[in-house]
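Undergrad: Test case, fold it:
(chains A and B)
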There are 2 protein chains.
Amino acid sequence: MGRVLVIGAGGVGSVVIQKMAQHPDLFSDILLASRTELKCKDIASKISGVNITTASVDADNVKEVVALINDFKPELVVNVALPYQDLPIMDACLETKVSYLDTANYEPIDEAKYEYSWQWAYKKKFEEAGITAILGCGFDPGVTSIFTARAAKHHFDEIHYLDIVDCNGGDHGKAFATNFNPEINIREITQEGKYWEDGKWVVTKPHEIHRPLDYPNIGEKESYLIYHEELESLVKNYPTIKRARFWMTFGQEYLTHLRVIQNIGMASIEPIIYEGKEIVPIQFLKAVLPDPGDLGENYTGETSIGCRIKGVKDGKEKTYYIYNNCSHQKAFDETGMQGVSYTTGVPCMLGAMMYLKGIWKKPGVYNVEEFNPDPFLELLGENGLPWVEKFDVDLEL
Amino acid sequence: MGRVLVIGAGGVGSVVIQKMAQHPDLFSDILLASRTELKCKDIASKISGVNITTASVDADNVKEVVALINDFKPELVVNVALPYQDLPIMDACLETKVSYLDTANYEPIDEAKYEYSWQWAYKKKFEEAGITAILGCGFDPGVTSIFTARAAKHHFDEIHYLDIVDCNGGDHGKAFATNFNPEINIREITQEGKYWEDGKWVVTKPHEIHRPLDYPNIGEKESYLIYHEELESLVKNYPTIKRARFWMTFGQEYLTHLRVIQNIGMASIEPIIYEGKEIVPIQFLKAVLPDPGDLGENYTGETSIGCRIKGVKDGKEKTYYIYNNCSHQKAFDETGMQGVSYTTGVPCMLGAMMYLKGIWKKPGVYNVEEFNPDPFLELLGENGLPWVEKFDVDLEL
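TA: Reported below is the predicted structural model:
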């Protein structure tokens, strides 16, 4: 029996709730809250077997979140709202001494800057409060970090080279749409590239480095080196890593659309004054673009996300590839959501399960690779995301 | 001595006022009005030699325009505001019995539909009121129509084939910007193509028909068949025309940007609800894009706009090409505005001059080709837009 407050009712929130409802013994009482309660009610109406209630909350407002927590008294707050809202929700958890889990690191709303510093700064406070914060428990970050933890625990004495490879081989049939919150997606993708090498960060122009990579069951796709947040914690937690990079596939059309969106100023996070009111162009664009939650129906193909690792075990060089493939159509048939929401929502639910079972529970602020990966990975396949590991393969990298 | 009310303080309005100020005997008293009076004051501050005052007006509001006219008592209202505002301004002119001139035909704000029907429907009322409406007196429509009138008056017994060719061979150095109001520009360019042939309109997909054309002093540029409003009045006023088309040059990058702007929904004229308020995406995009009035400073190259005509004179086939080239840099040096604003503003001022001199003055509603082209073309060169005519040339079309 457990009580959780889930904040955020987008595509990921919908998957999280549906997946929790598959474990009614554990997630017996759920409160789902978001700015628009109607979206919560819509999700809740499709759920049975658990006690689910809904509420409206402005997650930027610490007082509102505190009031909600005090009223519902959850054991854990699961944050699948916007990354800007991580800190106010963590503040509310501190004030009420309730543990916390999220899927994406904090970034300021007025600056496309991805780093854990703001959240790591809460470590001492969470220790003192005796509560746990589990950071970045989606797929990437999340499963990719746990894959790396498994590699470090079972297959390598030292990891030297880590390449996280993220391929969306799907086709949603729209001229342009993003697979998750377009505001966050575009901010992430249009930034400079960055990777870790020989003890320091190397910065590249956006999309400067790219190469074709071969993905299981998908084939060869042009893959672009971008910065992704799990790199920051992984190089810190695995100091033997000499080089860590993140690769994501994009089609030419997608990149053309991104380039134009930037050229015309619609990717800007600087507000303009429009009819006397401040409006941030990228937030307005988000309202115009297709809702990622609506992409599922005719979405074909698969995602394939994993870690390609080179290192040393028992004095010998070794290569290792661990990955999951997820079918958009299967994800949609099960949850009404496409694969990108599904691959984020399932690990989020599992992280919450790890906490409620007391397996991932220690006062402080932690990235997911700092917990035991085994019990998580044992359950990942049967909860919808089976994974494969291969040894001594050509990593292409 | 003449009194004119000019409504609209964009790039074209700025050129119109500056050009009027070069003829202080004729344009002795000017009232410049627009929604934002500050823009009027900014233009007026650069003018000397004429009496110029400014006012704020919402040109959608007939009563406000009527009040302004009754207060200032102009002989002519020059409308360089938005095409949506043509009808309310014409209504105000009718109510006050003051003549009217514009540079672009009316289109409803909620429909990208370009036709003269709405304005032509005022013909009887203007006749009865004893006032003149001069429609479409910019460059195209405007000078292109007057070029055609010259051809019909002096060089042809019958015009059979008319191709209006509009090349902007300039480079403003920005990734993307439109040369006039982006809202109007994008609406115009993304519509279906349309041309006149054998007594009826032929509709094409947007940009379906294109070919390279050679422009004087610029060279070969890919040119796209689009619909342009002067075609409607020209085929009516010159019924011997078998085929009339309009060609405009676009670069590949420009077309890519347009395509993406449409794909992402930012070209839409359907309002969306954003934070509880109706906002039209293309109007928001306009606010984000560079102001066409700011493009002048580093704008290099020339525009070249003209008419390529084939027909019969004294029983013999004949070809004819009449055009103007305009340097963006020269236009900027003289007026602080780029060539596209300049080529629209100069003919607008000249049309007003024709009216004040009593040369283009007859009760009713008229397109510019219905007036005597000679006195207008006599003055066009010395007012900044010299034109060239060539006979027996390869029209390429």
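
Undergrad: Let me know the helix or strand that the residue in the stretch 101-250 of chain A that chain B sits nearest to is in.
TA: Of all residues in the stretch 101-250 of chain A, A:Ala175 sits closest to chain B, at 3.8 Å by C-beta to the nearest C-beta. In short, each C-beta sits where N, CA and C put it, glycine included. Secondary structure assignment for A:Ala175, by DSSP states H and E: no helix or strand.

Undergrad: same question, A:Leu395
TA: For A:Leu395, there is no enclosing helix or strand under DSSP H and E.

Undergrad: so it touches A:Tyr321, yeah?
TA: Yes. Counting by C-beta atoms under 8 Å, A:Tyr321 is a contact partner of A:Leu395 at 6.5 Å.

Undergrad: Need the residues touching each of those two.
TA: Common contacts of A:Leu395 and A:Tyr321 (C-beta atoms under 8 Å, 6 or more residues apart in numbering or on different chains): A:Arg308, A:Ile309.

Undergrad: what about the two, which has more around it?
TA: Taking neighbours as other C-beta atoms under 10 Å in any protein chain shown, A:Leu395 and A:Tyr321 compare with A:Tyr321 leading, 22 against 16.

Undergrad: Excluding residues flanking it in the chain, which one is nearest the more buried one?
TA: For A:Tyr321, ignoring the flanking residues on the chain, the nearest one in space by C-beta to C-beta, 6 or more residues apart in numbering or on different chains is A:Lys390 at 4.6 Å.

Undergrad: Then A:Glu370?
TA: In space, and not counting its chain neighbours, A:Glu370 is closest to A:Asn237: 6.3 Å by C-beta to C-beta, 6+ apart.

Undergrad: need the contact list for the one you found.
TA: Contacts for A:Asn237 (C-beta under 8 Å, 6+ apart) come out as A:Asn367, A:Glu369, A:Glu370.

Undergrad: tell me the contacts of the residue nearest the centre of chain A?
TA: Centroid-nearest residue in chain A: A:Gly138, 3.7 Å away (criterion: C-alpha atoms, centre = their mean). A:Gly138 sits next to A:Val12, A:Thr103, A:Ala104, A:Thr343, A:Thr344, A:Gly345, A:Pro347, A:Cys348 when contact means C-beta under 8 Å, 6+ apart.

Undergrad: let's see it at 10 Å
TA: Listed by C-beta atoms under 10 Å, 6 or more residues apart in numbering or on different chains, the contact partners of A:Gly138 are A:12, A:16, A:80, A:102-104, A:144-145, A:180, A:230, A:340-341, A:343-348, A:351, A:368.

Undergrad: And A:Leu68, by the same measure?
TA: When contacts are counted by C-beta under 10 Å, 6+ apart, A:Leu68 touches A:Leu5, A:Ile7, A:Leu31, A:Ala33, A:Ala55, A:Ser56, A:Val57, A:Ala59, A:Pro74, A:Val77, A:Ala92, A:Thr96.

Undergrad: For it, what is the enclosing helix or strand?
TA: helix A:62-72.

Undergrad: do the same with A:Lys39
TA: If you go by DSSP H and E, A:Lys39 is part of helix A:37-44.

Undergrad: Check which residues of that helix are buried.
TA: Using 16 or more other C-beta atoms under 10 Å in any protein chain shown as the burial criterion, the residues of helix A:37-44 that qualify are A:Glu37, A:Lys39, A:Cys40, A:Ile43, A:Ala44.

Undergrad: Show me which pair in the residues you listed is furthest apart.
TA: Using C-beta to C-beta, the pair of the buried residues of helix A:37-44 lying farthest apart is A:Glu37 and A:Ile43, separated by 10.6 Å.

Undergrad: okay, and the common contacts of those two?
TA: Common neighbours of A:Glu37 and A:Ile43 (C-beta under 10 Å, 6+ apart) are A:Ala9, A:Thr54.

Undergrad: Can you list the low-confidence ranges for the stretch 1-150 of chain A?
TA: Along the stretch 1-150 of chain A, the model assigns pLDDT under 70 to residues A:112.

Undergrad: What's the local residue count around A:Glu275?
TA: Neighbourhood size, A:Glu275 [other C-beta under 10 Å]: 10.

Undergrad: List the residues that contact it.
TA: A:Glu275 touches B:Lys277, B:Ile279, B:Gln283, B:Phe284, B:Ala287, counting by C-beta under 10 Å, 6+ apart.

Undergrad: right, is stretch A:35-42 up against chain B?
TA: No. Using C-beta under 10 Å from any C-beta of the partner chain, stretch A:35-42 never reaches chain B; the gap is at least 11.2 Å.

Undergrad: check contacts around A:Ala177.
TA: A:185, A:254, A:257, A:289-292, A:294-295, A:299, A:338, B:263-264.

Undergrad: one more time with 8 Å
TA: By C-beta under 8 Å, 6+ apart, the contact set of A:Ala177 is A:Leu289, A:Pro290, A:Pro292, A:Leu295.

Undergrad: Any chance of the backbone angles for A:Arg308?
TA: Backbone geometry at A:Arg308, expressed as degrees, to the nearest 10, gives phi -110, psi 120.

Undergrad: So it sits against A:Cys167, correct?
TA: No. Using C-beta under 8 Å, A:Arg308 makes no contact with A:Cys167, being 11.9 Å away.

Undergrad: Looking at these two, which is more packed in?
TA: Taking other C-beta under 10 Å, A:Arg308 and A:Cys167 do not tie; A:Cys167 has more neighbours (26 against 23).

Undergrad: who does the one helix or strand the more buried one maps to touch, helix- and strand-wise?
TA: If you go by DSSP H and E, A:Cys167 is part of strand A:158-168. With contacts taken as 3 or more C-beta pairs under 8 Å, 6 or more residues apart in numbering or on different chains; DSSP states H and E, strand A:158-168 sits against helix A:143-150, strand A:210-215, strand A:219-225, helix A:230-237, strand A:243-249, strand A:302-313.
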